[in-house]
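Peer 1: have a look at this prediction, sequence included:
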Amino acid sequence: MNLLVTGGAGFIGSNFIFYEREQHPEDRIVCLDALTYAGNLSTLASVLDQPGFRFVKTDIRDRAAVFSLFEEEKFDIVVNFAAESHVDRSIENPGIFLETNILGTANLMDACRKYGVGRFHQVSTDEVYGDLPLDRPDLFFTEETPIHTSSPYSSSKAAADLLALAYYRTFDLPVSVSRCSNNYGPYQFPEKLIPLMIANSLADKSLPVYGTGENVRDWLYVEDHCKAIDLIMREGRVGEVYNIGGHNEMANIDIVKIILKELGKPESLITFVTDRKGHDMRYAIDPAKIHRELGWLPETMFADGIRKTIRWYLDNQEWWKTIVSGEYQQYYEKMYGNR
Ligand code: NAD
Ligand code: DAU
């Protein structure tokens with residue numbers, strides 16, 4: 001099997017490559033990544049020189065470059081992780097989200113059509129469903145929940161999903177789509193809630209909690225997400241959407257307190273700051289379909305996953321300290337300076 005993984009130098013894509021190397025060492029993997037601020041080649045150091053692995057620095061917006069790689073490689077499966085992924089950045093600058101997340105996805109699917117790729121898997125998000133109210137804990141996102149987006153990020157992801165399903169119906173392109181809840185684990189860029197709070201706690205910096213901190217997310221350990229994608233792309237039905245989530249809802253403020261407790265830091269570091277514009281209240285996935293059809297269940301309990309994650313950030317300070325220097329400093333000042 002010749003597998004193309006786009007966005008493989010980012011958080012979930014890199015974890016997926018490690019998962020595939022371990023579970024399916026017989027498969028060849030090509031990782032295509034533009035190495036934006038969120039992509040880090042050093043993350044892939046352990047696989048870069050392995051036989052059966054190739055890294056290509058290419059932008060999915062570059063149609064000619066994408067087509068030429070497909071011409072050369074003859075892929076069996078394409079998994080698209082490449083995206084602008086941070087909601088706050090999409091509020092600052094929506095344009096690049098439309099270019100990468102929508103037009104980039106279309107370039108990949110056009111190349112899949114031309115070169116007869118056997119499966120295009122689009123890695124999407126639960127954010128396409130919008131949000132749920134806090135006072136209705138009985139409600140969950142199913143695959144039938146209407147698309148109802150809130151941010152430029154989620155709108156761009158929803159557009160890409162719909163385009164993928166349209167390519168299935170119109171052109172018979174064998175696509176599948178997965179919509180997963182919030183991931184956490186090693187190699188997550190420290191602009192996202194959990195790694196940001198770990199990094200700030202370790203530096204005794206204030207922990208900026210948006211609004212009241214009551215917003216709820218449904219957390220899943222990244223390896224569980226990787227396993228679900230692997231199952232869907234190999235055994236899932238084409239033209240189908242699969243929700244992925246582990247029934248692990250938690251309020252932001254509780255996550256922040258858990259991190260402080262694990263690190264032995266005081267809750268006085270918590271600072272409530274101006275809320276995110278259009279901030280989604282609650283995400284909660286119903287994963288019944290992927291369980292029923294593919295037998296998938298999450299395997300990592302949050303209490304274990306968060307401890308493993310904190311341990312990883314403690315043991316790999318060089319990885320994230322390099323990232324939080326440089327361009328990220330300016331981003332941090334801009335986003336949090338006046339909040
Ligand atoms: P990330 O920001 O950590 O990584 C994105 C990767 O894509 C980076 O390596 C980046 O260099 C690359 N990339 C960006 N623009 C590109 C372009 N134009 N061409 C080629 N490569 C480009 O993101 P992540 O958190 O790993 O998310 C991966 C995917 O999973 C995204 O599609 C995201 O929407 C989806 N997702 C994320 C989560 C989550 O909790 N992080 C949950 C559900 C779905
Ligand atoms: O649900 C899946 C989505 O999860 C993915 O599609 C996105 O790519 C991913 O970034 C993530 O989106 P969120 O917006 O939920 O994640 P983030 O880590 O940015 O924020 C999680 C929650 O924490 C959210 O309610 C906002 C809040 N928050 C975040 C940051 C960065 C804070 O209170 N303070 C912060 O500094």
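Peer 2: Yes, it's here. Residues are numbered from 1 along each chain as shown. Ligands and ions are numbered 1, 2, ... in the order given.
Peer 1: tally of neighbours for the closest residue to P266 other than its chain neighbours?
Peer 2: Closest residue in space to P266, ignoring its immediate chain neighbours: L260 at 7.0 Å, by C-beta to C-beta, 6 or more residues apart in numbering. (Each C-beta comes from the backbone N, C-alpha and C, glycine too.) The local packing of L260 (other C-beta atoms under 10 Å) involves 19 other residues.
Peer 1: what does this protein put close to ligand 2?
Peer 2: 85-87, 125-127, 181-182, 192-193, 196, 208-210, 215, 217, 252, 276, 283 (C-beta under 6 Å from any ligand atom).
Peer 1: secondary structure element holding the residue nearest to P266?
Peer 2: helix 252-263 (DSSP states H and E).
Peer 1: so is that helix next to ligand 1?
Peer 2: No - Helix 252-263 lies out of reach of ligand 1 by C-beta under 6 Å from any ligand atom, never closer than 13.1 Å.
Peer 1: just checking, what packs against that helix?
Peer 2: For helix 252-263, the packing partners by 3 or more C-beta pairs under 8 Å, 6 or more residues apart in numbering; DSSP states H and E come out as helix 193-202, strand 207-210, strand 216-218, strand 270-273, helix 302-315.
Peer 1: the residue nearest to P266 against S201, yeah?
Peer 2: Yes - the pair L260 / S201 is scored as a contact, 5.9 Å apart, by C-beta atoms under 8 Å.
Peer 1: anything in contact with each of those two?
Peer 2: 207, 269 (C-beta atoms under 8 Å, 6 or more residues apart in numbering).
Peer 1: list the helices and strands the longest helix along the chain packs on?
Peer 2: Ordering each helix of the chain by length in residues (DSSP state H) puts helix 152-171 first. Judged by 3+ C-beta pairs under 8 Å, 6+ apart, helix 152-171 is in contact with helix 87-92, helix 95-97, helix 105-115, strand 119-125, strand 175-180.
Peer 1: residues in contact with the first one?
Peer 2: Spelled out, it's helix 87-92. 84, 97, 127, 151-154, 156, 191, 276-278, 334-335.
Peer 1: now do 6 Å
Peer 2: Contact with helix 87-92 is made by 97, 151-153, 277, as judged by C-beta atoms under 6 Å, 6 or more residues apart in numbering.
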